[in-house]
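Asker: Have a look at this prediction, sequence included:
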Amino acid sequence: MDPSILDGYDPQSFYCEMLRGSASHVIRERLSGLSIDALKQRAAAANAELYDLGITFTIYSDAQTIDRILPFDVLPRILSAEEWRHIERGIIQRITAINLLLDDVYHDQHVLRDGVVPAELILGNHNYRPLMRGIDLPHKTYVNICGTDIVRDERGTFLVLEDNARTPSGVSYVVENRHMMLRAFPDLLDDISLRAIDNYGAKLIAALQEVAPAGVADPQVVLLSPGTYNSAYFEHVFLAREMGVPLVEGSDLLVEDDRVFMRTTGGLSRVDVIYRRINDDYLDPEAFVPESMLGVPGLMRAYRAGNLALANAVGTGVADDKAVYAYMPRIIRYYLDEDQILPNVETHICREPKALRYTLDRLAELVVKPVGEAGGYGITVGPRASLRELDECRAKLVADPANYISQPCVNLSVAPTLVDGQIEPRHVDLRPFAVTGSSTWVLPGGLTRVALRRGSLVVNSSQGGGSKDTWVIE
Amino acid sequence: MSDVLLARFADCIFWLARYVERAENLARILDVNETFSRDSRGGQNWRPILQLNSDEKRFFATHPAATAQSVVKFYVIDSGNPTSIISAIRYARENARTLRPLISTEMWVQLNVFYNRLAALGEDDLLPGRLAALFGIIKEACQTHTGITEGTLFRDQGWYFYQLGRYIERADQTTRLLDIKYHLLLPSPSDVGSPTDVSQWNALLRSAAGYHAYRRLHTASTTPARIAGFLLLNQAFPRSVHHCVREVSQLLSEVKSRYALRHGNDAAEELDRLRAVLGTLDISTILSEGLHEFLDLMQQQLNAVTRDLSIAFFGYSPEASQAQTATPQ
């Protein structure tokens, strides 16, 4: 056999997405025909193109903001059709349950009365929105766009780490990464039955039109962004373009007689559906944070009057809370009478005394996470933490146990990654994106995030993570 | 996208076009000043360019003297100067970034690359021997933008507001180009018609890319009056004020009727008046009443049109639109 660029690659005891996967042998063979120098050259050309596109420009000196830099690794992460089918079924099951949970929580609250989920966990949650009580949503769909964070342990089992049911981001990188790979590696992609992903925008707008207020014939959809200085503005542009809808900011919209309008060259023009990339808190200064400059006064009045659809709905944050996550196996059983297709990572809810004791006893083995934070902030990884960090974590846990959960440290799977001119194993996760109108559709593959620092398990872009193209191959 | 256009986007695309047009014309003006600024003893005078843009106060606050080097640096790479080429392209790029949902990816990429290229320039690139080539590169990048826009920008409402901005800015810049000549001659009007004067007028024509067209019209004679008349009034020359104003007027009436836009009548009336003036006055009348005064009047009326458009279509309140024409978006 010819020498391969993967010859010196050693994933150690971790599950390797490239070496273990049943669908990746074709790609392994094709990669073996490439020299490391050729790979480096193509990677450099791809990154130069991203620079020209302005996707990875570094510092935006005028406004002192930094555009999101998500380094792109050219070695794809590969999933077989069979693996994908399993993930897809699991995600659809989860989103179905989450939507049923939200509809219940904002209506009759059977789930609380039946004691499946502790009432205070829901009703005392900052993201629970009493304003949503009694509102009937089309198709009872609360979560139109969901990004589910999935990891794989050393045995290759897929586990759900987190549901992102508010405003998940990253889908633009999925599509842009694919465009980049098609240009830089046409020879790798040739004739391999790769699932296409370029219909995301069409699926998204169709779903958004499905949830438009009843009786609107040709609903006007817009995307609401916090503006050009938001770190995800690139993605907002991408989505608006893919859907062919106006990209608006709060100041472009106004509410009159409980109806929403945008300011156009021809005067005011009706808006029926808003895909908002602004958190609940800032959406409507009349209803939530009064100082918000990003939102639109009166939006919630229009929403409650049934003249407006919001995607995602207000108040979904109560379902993707890290504490509620722990109850997902029971929630799925309660609503669907099914076992979880994609299991949770074992989770200890520190608000429960037994779980707190368990966590404190095994702090050095566990990962401790605050329930309210996103982006990998505030996490203590026991096996990697210094004694001082463990002491600090212990103090926080004792002071406010309800704010924390703990989980065993999952040895995330790895994938070969080009780092400093060499190919080395790096830990990866997977965030597939699902779109729900009257039914749920999952974009094949999703965003594979990779922890570029050697040994690091944290894949978040704010913590030194990058991304890979994800290929679902028949 | 449906046929509605956000007021904010109309504003942004109008100014995107203006800033690129402005950068191109500033490169033309700086280029031609190389020729103009030499007096009979070979010394250079760059002060008129500062006067032209009303930048003297700001310039002399940070520079002791208007040397060729300091003025060129101020207008090409000084990102702290809002009237520099790099600032114009930065504002254009900012607007393009906001407008990415509307404009083509190729338009965005070219402006992004153009800006990055300007941002990488240093003082060494502004040495006298390199200036002409640099201005050539800048003009060409602006024209590339225009070409990409022509070939890729979808022709809906956004396109109209882009074109409106482009032609208003071009008309304004042509009046400024002519005004340089006025400023330079101000101290000694008796020079009119001297050999230096004629070569300067030729340089002026060249900077506006009008030399050959002018020659075809007026085979033998180069008189200041004819050249000024050509740049102001010729209906076929793409940079003439008359041509630009007619385009603006037609574009406005087209976009209003095609998209049933109710507002914008003030601007339309303003443009009608401008067209009437440009269509009836001849150059000798203009010169006898004062070229500078006439150019000033043109600039004021173009500003008034911009103000009317801002109120009618871009969502400005009448008070807020007062200061807006001069300041970057």
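Answerer: Cool, got the structure.
Asker: Centroid-nearest residue for the chain?
Answerer: I'll assume chain A. Taking CA atoms, centre = their mean, the centroid of chain A lies closest to A:G147, which sits 3.3 Å from it.
Asker: wrong chain, I was asking about chain B
Answerer: For chain B, the residue nearest the mean C-alpha position is B:Q173 (3.0 Å; CA atoms, centre = their mean).
Asker: Give me the helices and strands touching the strand or helix carrying A:I95, please.
Answerer: Element membership of A:I95, judged by DSSP states H and E, is helix A:81-105. If you count contacts as 3 or more CB pairs under 8 Å, 6 or more residues apart in numbering or on different chains; DSSP states H and E, helix A:81-105 packs onto helix A:110-113, strand A:145-152, strand A:158-164, helix A:328-336, strand A:433-436, strand A:440-442, strand A:465-473. The C-beta positions use only the backbone N, C-alpha and C, and glycine is treated the same way.
Asker: hmm, who's touching stretch B:255-270?
Answerer: Residues outside stretch B:255-270 that contact it (CB atoms under 8 Å, 6 or more residues apart in numbering or on different chains): A:265-267, B:3, B:5, B:157, B:160-161, B:164, B:249, B:252-253, B:301, B:304-305, B:308-309, B:311-313.
Asker: Look at the nearest residue to A:E256 once chain neighbours are set aside and tell me its secondary structure.
Answerer: Spatial nearest neighbour of A:E256, excluding adjacent residues (CB to CB, 6 or more residues apart in numbering or on different chains): A:L268 at 7.6 Å. When classified by DSSP: H, G, I helix; E, B strand; the rest coil, A:L268 comes out as strand.
Asker: burial measure for A:L268, as a count.
Answerer: For A:L268, the tally of surrounding residues (other CB atoms under 10 Å in any protein chain shown) stands at 16.
Asker: So what pairs up with it in the strands?
Answerer: Legend: beta-bridge partners of A:L268 under DSSP bridges are A:R263.
Asker: Give the other helices and strands that the helix or strand hosting B:T174 contacts.
Answerer: Assigned by DSSP H and E, B:T174 belongs to helix B:157-185. Other elements packing on helix B:157-185 under the criterion 3+ CB pairs under 8 Å, 6+ apart are helix B:7-36, helix B:47-52, helix B:195-207, helix B:224-233, helix B:241-258, helix B:291-312.
Asker: which stretch in those helices is the model least sure about?
Answerer: Ranked by mean pLDDT, the helices and strands packed on helix B:157-185 bottom out at helix B:195-207, with a mean of 76.
Asker: what's that helix packed up against?
Answerer: Packed against helix B:195-207 by the contact rule (3+ CB pairs under 8 Å, 6+ apart) you find helix B:7-36, helix B:157-185, helix B:211-217, helix B:224-233.
Asker: contacting residues around A:S251?
Answerer: B:R8.
Asker: Any stretches of chain A with poor pLDDT?
Answerer: Applying pLDDT under 70 to chain A flags residues A:1-3, A:54-69, A:372-376, A:461-463.
Asker: residues from it in reach of chain B?
Answerer: Taking CB under 8 Å from any CB of the partner chain as the contact definition, chain A meets chain B at A:52-54, A:57, A:62, A:220, A:228, A:233, A:237, A:240-241, A:244-249, A:251-252, A:262-267, A:269.
Asker: let's go with 7 Å and repeat that
Answerer: Within chain A, the positions adjacent to chain B are A:52-54, A:62, A:220, A:228, A:237, A:240-241, A:244-248, A:252, A:262-267, A:269 by CB under 7 Å from any CB of the partner chain.
Asker: Residues of the stretch 1-150 of chain B that sit close to chain A?
Answerer: By the rule CB under 7 Å from any CB, the part of the stretch 1-150 of chain B lying against chain A is B:1-2, B:4-8, B:10, B:90, B:97-98, B:100-101, B:108-109, B:112-113.
Asker: and A:Q407, helix, strand or coil?
Answerer: At A:Q407, secondary structure determined by three-state DSSP is strand.
Asker: Quick check: the gap between it and chain B.
Answerer: Per CB to the nearest CB, to the nearest Å, A:Q407 is found 40 Å from chain B.
Asker: Quickly list what that residue is bridged to.
Answerer: In this entry, A:Q407 is beta-bridged to A:V367, by DSSP bridges.
Asker: and it, what is it in contact with?
Answerer: By CB atoms under 7 Å, 6 or more residues apart in numbering or on different chains, the residues touching A:Q407 are A:V345, A:E346, A:T347, A:L366, A:V367.
Asker: got these as a markdown table, with neighbour count columns?
Answerer: Formatted as a markdown table, those follow (neighbours: other CB atoms under 10 Å in any protein chain shown):
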| residue | neighbour count |
| --- | --- |
| A:V345 | 18 |
| A:E346 | 12 |
| A:T347 | 20 |
| A:L366 | 23 |
| A:V367 | 19 |
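Asker: Look up the pLDDT of the residue nearest to B:G229 when sequence neighbours are not counted for me, please.
Answerer: Residue nearest to B:G229 in three dimensions, not counting chain neighbours: B:I283, with 3.3 Å by CB to CB, 6+ apart. Predicted confidence (pLDDT) for B:I283: 92.
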